[in-house]
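Undergrad: no sequence on this one, just coordinates:
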């Protein structure tokens, strides 16, 4: 039942009688109504343009991010190319003196560590430092009478980076209390 019917007024409104909702447009379609329709059309057009502009900005930003990521990957890969070149040289001389090959592999490892350090992820030497769950993953604990409890006794996998720029935590063996 319509609100008018509940108040005791005569029957439902004509649009409500057949299940339709009443139109929001005034019955009078004079010059003021035409001006309001024109303003509404302009605002709807402005809204659509603003949405299109926002979508274009989003697409432009996504393209810039993608381009920056590609450039970064290329710069990092370029830093690793000399390491790969030296590994290939070492493999080419695999029939040579084993001591010379081991020394060459050590030099290449040092070169790789230098690349990581230049990228902001230096290798950490964590032996003897207090265990820090933000920098270390404890993989074992053992008793050591010469070390205080909670001290890193051994690094099974080194960690790289510092603070918020940690590439990975170190896996360590920690001294336990006796």
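TA: Everything's here; your move. Since the structure is predicted, the reported quantities are computational estimates derived from the model, not experimental observations.

Undergrad: Just checking the distance from stretch 103-122 to the centre of its chain.
TA: Stretch 103-122 sits 26 Å away from the centroid of its parent chain (Cα atoms, centre = their mean, to the nearest Å).

Undergrad: what residues does that stretch touch?
TA: 76, 79-80, 82-83, 86-87, 89-90, 93, 123, 160-162, 165-167 (Cβ atoms under 8 Å, 6 or more residues apart in numbering). Any C-beta I mention is one placed from the backbone N, CA and C, and that applies to glycine too.

Undergrad: and stretch 81-91, which residues are buried?
TA: 83, 86-87, 90 (16 or more other Cβ atoms under 10 Å).

Undergrad: Closest one of those residues to residue 41?
TA: Within the buried residues of stretch 81-91, the smallest distance to residue 41 is 64.1 Å, found for residue 83 (Cβ to Cβ).

Undergrad: Name the nearest residue to the closest one, ignoring sequence neighbours.
TA: Nearest non-adjacent residue to residue 83, counting by Cβ to Cβ, 6 or more residues apart in numbering: residue 112, 5.0 Å away.

Undergrad: That neighbour: which element?
TA: If you go by DSSP states H and E, residue 112 is part of helix 98-118.

Undergrad: what mean pLDDT does the helix or strand following that helix have?
TA: Toward the C-terminus, helix 98-118 is succeeded by strand 136-143 as the next helix or strand (DSSP H and E). Across strand 136-143, pLDDT averages out at 96.
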